[in-house]
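Enquirer: What follows is a protein structure lacking sequence information:
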């Protein structure tokens with residue numbers, strides 16, 4: 001091993017160690033700051049969570065919860081979504097946006113749940129990904145929050161933004177961001193880490209005007225506006 005390669009190797013090891021140590025401290029502070037963080041989609045069973053997560057695409061959790069308050073009284077099982085006219089279901093979920101595509105996904109997923117899984121939500125990533133309207137984010141939400149299965153890390157817009165600002169990833173696609181987070185975050189925290197980040201993203205690390213002066217992670221954050229101001 002030549003001297004140049006040795007220096008590069010040990011520099012890389014040190015950088016990885018520093019990032020892992022930073023991640024440990026980030027988790028510690030977020031856990032303390034947001035002890036009540038949880039999945040905000042209201043549901044009473046895994047199937048309801050699946051439907052709510054499909055509806056949450058390009059829609060706020062608050063609006064989804066308003067819609068599902070009535071929806072889940074009307075439709076209780078997968079078969080119920082198949083026994084109604086598509087147009088009626090579309091109107092029931094219209095306020096969540098993209099209602100035609102979402103109705104199609106819910107009905108398609110319901111059909112496969114009935115035909116392939118005996119009316120029960122499957123509990124593996126591979127099986128969930130066979131359902132209409134289900135990608136890794138939705139599957140991770142259901143597995144983690146309905147079954148307590150740490151299959152991966154949920155990556156939404158808040159998790160993407162906060163992770164990038166904290167220097168935990170330089171990736172821009174959910175799949176690659178998730179891969180980076182899985183390597184840094186201990187598996188025991190995979191389910192809760194997104195909830196802590198989402199809570200932080202909504203309260204402090206907002207898209208347009210992050211409240212860096214109030215942030216418990218400010219001294220760990222390479223994107224802090226306070227550091228930028230001090231450097232000017």
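Expert: Everything's here; your move. If you're wondering where the values come from, they're calculated on a predicted model, not measured in any experiment.

Enquirer: Can you pull out the low-pLDDT segments for this protein?
Expert: Residue ranges of the chain with pLDDT under 70: 1-17, 227-232.

Enquirer: same thing but 90
Expert: 1-21, 225-232 (pLDDT under 90).

Enquirer: Helices of that one, residue ranges please.
Expert: All helices of the chain, identified by DSSP state H, fall at 3-33, 46-55, 61-74, 78-82, 86-93, 99-117, 125-128, 136-147, 157-165, 174-184, 192-203, 225-231.

Enquirer: need the contact list for the residue nearest the centre of the chain.
Expert: With the centre of the chain defined as its mean C-alpha position, the nearest residue by CA atoms, centre = their mean is residue 154, 3.0 Å away. Going by CB atoms under 8 Å, 6 or more residues apart in numbering, residue 154 touches 137, 140-141, 144, 194. Yep, even glycine has a C-beta here, placed from its N, CA and C like the rest.

Enquirer: Distance of it relative to residue 139?
Expert: 9 Å (CB to CB, to the nearest Å).

Enquirer: Start and end of stretch 110-124, how far apart?
Expert: 17 Å (CA to CA, to the nearest Å).

Enquirer: Could you identify which of the helices of the chain is most buried?
Expert: helix 46-55 (a mean of 24; mean count of other CB atoms under 10 Å).

Enquirer: Could you name the helices and strands sitting against that one?
Expert: helix 61-74, helix 99-117, helix 136-147 (3 or more CB pairs under 8 Å, 6 or more residues apart in numbering; DSSP states H and E).

Enquirer: any chance of the ones you listed in a markdown table, with distance to residue 35 too?
Expert: Shown next, in a markdown table, are these (distance: least, CB to CB, whole Å):
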| stretch | distance to residue 35 |
| --- | --- |
| helix 61-74 | 19 |
| helix 99-117 | 33 |
| helix 136-147 | 17 |
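
Enquirer: looking at these, which is closest to residue 23?
Expert: helix 136-147 (18.6 Å; CB to CB).

Enquirer: any idea how far that closest one is from the chain center?
Expert: How far helix 136-147 lies from its chain's middle: 9 Å, per CA atoms, centre = their mean, to the nearest Å.

Enquirer: Show me what that helix is packed against.
Expert: helix 46-55, helix 125-128, helix 174-184.

Enquirer: can these go into a markdown table with extra columns for distance to residue 23?
Expert: As requested, the helices and strands packed on helix 136-147 are exported to a markdown table (distance: least, CB to CB, whole Å):
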| stretch | distance to residue 23 |
| --- | --- |
| helix 46-55 | 26 |
| helix 125-128 | 23 |
| helix 174-184 | 4 |
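
Enquirer: Show me the contact partners of stretch 140-147.
Expert: For stretch 140-147, with CB under 8 Å, 6+ apart as the criterion, the contacting residues are 39, 41, 43, 45-46, 49-50, 53, 121, 123-125, 128, 149-154, 178, 190-191.

Enquirer: try it again with 6 Å
Expert: 39, 46, 49-50, 53, 123, 149, 151-152, 154, 191 (CB atoms under 6 Å, 6 or more residues apart in numbering).

Enquirer: and the gap between the closest residue in space to residue 198 that isn't next to it in sequence and residue 95?
Expert: Excluding the flanking residues, the one nearest residue 198 by CB to CB, 6 or more residues apart in numbering is residue 158, at 4.5 Å. Residue 158 sits 22 Å away from residue 95, going by CB to CB.
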